[in-house]
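Asks: Got a sequence here, can you model it:
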Amino acid sequence: MKFQRRDPQSILGSAIYILDMVMISVAAYLAHYLKFNVFAMEKEYVIAVIFAVLVHIIVSDKVYMCRDGGLVSVYKRVFFSWVIVVNVIFTVSVLTSTSGDFSRVWFSYWIGISIILFFIYRYCLFKGLFYIGIDGINKKRVLIVGRCQVQQELVRRASSSNWTGFSVIGILGFNETSSIEQMLDTTNLDEVWVCASFQNNDNIQKVISMFKLSTVTIRIIQDISSLSLLNGGHSSILGLPAIDVTVSKMSGINLLVKWLEDKSLSIGILILILPILLAIAVAIKITSEGPVIFKQKRHGWNGKVIDIYKFRTMKNASPNNVVVQATIYDVRITPLGTFLRKYSLDELPQFFNVLFGDMSIVGPRPHATQHNEDYMQRIKSYMLRHKVKPGITGWAQISGHRGETELDSKMISRVEHDLYYIEKWSLWLDISIVFKTIFVGFRHKNAY
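Replies: Coordinates of the predicted model:
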């Protein structure tokens, strides 16, 4: 029987948690010294530091995956985690009317010094693991058993990232039983990665049985490439492992960040555009008969039916309540409506939808319920775009996918962009979409 040395990763992960707490505290004391020329902090400052440590632990769990990605990936996760912590602290201080108790200069120093310390010690950690891996101290000798589409990617990542410590020493098929047994007897294996699809359950059991007298770590890597995934990954449900196939990122801290983003932006924008809203409302009332605001049923988050608001741009509604997409030179559109639609000004009332919680500033554009019922039958994964709130602007819109979708290929392309947004969602992606919308997104050749 071969005994496996203890995996240091759990110890290392715990050490990083502790080091982060230390770095946040050290940065706070250094910032206090730079501002007040004394290290000792007042009670309210100490409470703020403790609160920051607790929030950081909650939101930064993925930052501590030491064998996942490169240094740039680690830096990104550290930075985004700290940005969220800072925003939570700022929001809580405003809501509790305690922001005036703290020096803004100290707060700025604290933010900057924390980032510098995070980056420095993680760089040292990264380089240390890299050289330890080269010398063989941190090496983990891995045998891959089975054939799947992700196999070559596993080998590539292991060979191109020495710092992770993984070294693939062999790849064998499920039917190469004697070779597997020989490898187990003659090689000091640390881990076995069983690469299998959902149809290979019997083979998985066979491999596990072969290693039942060994303490080698066995990991099953399910090949889920044939599935249509949305934020696919692994999770735990009531303590049991699960494979995530279609999961929304809008939960936990992400939901709070999105809520704060939508509320703050919608309130600020509505204050700025109020004169424009009033001017357009008066112009619509003067130039054509009918209501100023047009309401239409759309599918919102998780398929819930919502009413979205628009400035009315057409002379009359479609007969029998049948929704017909606007086309170029559509005779139903009023002269003022043509101008409003050209520059997307008819969408401005939807900031009230955002304020009321039915929509987001950024997200997939909502389609009429009748269109959804049609496209969901014809386009694969179409309804997955409703895993987040619909938006006033979105990744598909700034990428040129606006206007009429008379061909299925156009709608398929729009859906692909929407799913890309949901998969890659981040606060910074939302900010970039908002800025691109401001500068290039309001006017588009397909908006009519």
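
Asks: Number of residues surrounding Lys387?
Replies: If you count neighbours by other Cβ atoms under 10 Å, Lys387 ends up with 22. Any C-beta I mention is one placed from the backbone N, CA and C, and that applies to glycine too.

Asks: May I have the predicted confidence score for the nearest residue to it once chain neighbours are set aside?
Replies: Using Cβ to Cβ, 6 or more residues apart in numbering and skipping residues adjacent in sequence, the residue nearest Lys387 is Ser248, 4.0 Å away. pLDDT recorded at Ser248 is 76.

Asks: Let me know the secondary structure of Ser248.
Replies: Following DSSP: H, G, I helix; E, B strand; the rest coil, the label given to Ser248 is coil.

Asks: Please report phi then psi for it.
Replies: Main-chain dihedrals, Ser248, degrees, to the nearest 10: phi -90, psi 140.

Asks: hang on, isn't it packed against Ile422?
Replies: Yes - taking Cβ atoms under 8 Å as the definition, Ser248 is a contact partner of Ile422 at 7.1 Å.

Asks: higher neighbour count, those two?
Replies: For the pair Ser248 and Ile422, the greater number of neighbours falls to Ile422 (22 against 17), based on other Cβ under 10 Å.

Asks: Give the residue spans of the protein that score low on pLDDT.
Replies: Residues of the chain meeting the criterion pLDDT under 70: 1-14, 60-70, 129-138, 161-164, 198-200, 224-241, 316-330, 403-407, 441-448.

Asks: Helices of that one, start to end?
Replies: 9-36, 43-59, 71-95, 104-135, 151-160, 177-186, 201-210, 252-287, 335-342, 350-356, 369-378, 395-398, 408-424, 427-436 (DSSP state H).

Asks: Tell me which of the ones you listed sits most buried.
Replies: Comparing the helices of the chain by mean neighbour count (mean count of other Cβ atoms under 10 Å), helix 395-398 ranks first with a mean of 24.

Asks: which residues are in contact with it?
Replies: 362, 364-365, 402, 413-414, 417-418, 420-421, 429, 433, 436-437, 440-441, 444 (Cβ atoms under 8 Å, 6 or more residues apart in numbering).

Asks: Trp82 reaches Ser114, doesn't it?
Replies: Yes - with contact defined as Cβ under 8 Å, Trp82 reaches Ser114; the gap is 6.3 Å.

Asks: Who are the contact partners of Phe174?
Replies: Contacts of Phe174 (Cβ under 8 Å, 6+ apart): 145-146, 200, 203, 206-207.

Asks: buried set for stretch 304-318?
Replies: Across stretch 304-318, burial judged by 16 or more other Cβ atoms under 10 Å covers 306, 308-314.

Asks: So what touches it?
Replies: So stretch 304-318 is contacted by 280-281, 284, 288, 290-300, 324, 326, 330, 332-334, 336-338, 340-341, 345-350, 352-353, 358-359, 366, 369, 390 (Cβ under 8 Å, 6+ apart).

Asks: Let me see the contact set for Arg219.
Replies: 191-194.

Asks: Swap in 6 Å and give it another go.
Replies: When contacts are counted by Cβ atoms under 6 Å, 6 or more residues apart in numbering, Arg219 is found next to Trp193.

Asks: before we move on, what about Gly394?
Replies: Listed by Cβ under 6 Å, 6+ apart, the contact set of Gly394 reads 363-365.

Asks: tell me the phi and psi of it?
Replies: phi -160, psi 170.

Asks: Would you mind stating the distance between it and Trp425?
Replies: 11 Å (Cβ to Cβ, to the nearest Å).

Asks: what do you get for Ile89?
Replies: Ile89 is 23 Å from Trp425, by Cβ to Cβ.

Asks: picking up where we left off before, His386 is in contact with the residue nearest to Lys387, correct?
Replies: No - the pair Ser248 / His386 is not scored as a contact, 9.4 Å apart, by Cβ atoms under 6 Å.

Asks: give me the number of residues near Glu176?
Replies: Neighbour count for Glu176, taken as other Cβ under 10 Å: 14.

Asks: Show me whatever sits in contact with both of Ser248 and Ile422.
Replies: With Cβ under 6 Å, 6+ apart, Ser248 and Ile422 have common neighbours Lys387.

Asks: Of the contacts of Gly394 - the most surrounded one?
Replies: Counting by other Cβ under 10 Å, top hit in the contacts of Gly394: Gly363 with 30 neighbours.

Asks: Leaving out chain neighbours, which residue sits closest to that residue?
Replies: Nearest non-adjacent residue to Gly363 (Cβ to Cβ, 6+ apart): Gly391, at 2.8 Å.

Asks: Pull the contacting residues for that neighbour.
Replies: 360, 362-363.

Asks: Which residues does it form beta bridges with?
Replies: Taking DSSP bridges as the rule, Gly391 bridges to Ser360.

Asks: Correct me if wrong: Val354 contacts Ser266.
Replies: Yes - assessed by Cβ under 6 Å, Val354 is found in contact with Ser266 at 4.1 Å.

Asks: Now distance to Ser108 too, for the contacts of Phe174, in a markdown table please.
Replies: Converted to a markdown table, these look like this (distance: Cβ to Cβ, whole Å):
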| residue | distance to Ser108 |
| --- | --- |
| Val145 | 54 |
| Gly146 | 53 |
| Asn200 | 55 |
| Asn203 | 58 |
| Lys206 | 60 |
| Val207 | 55 |
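
Asks: any idea which of these is the one closest to Thr215?
Replies: Thr215 lies nearest to Val207 out of the contacts of Phe174, by Cβ to Cβ, at 15.3 Å.
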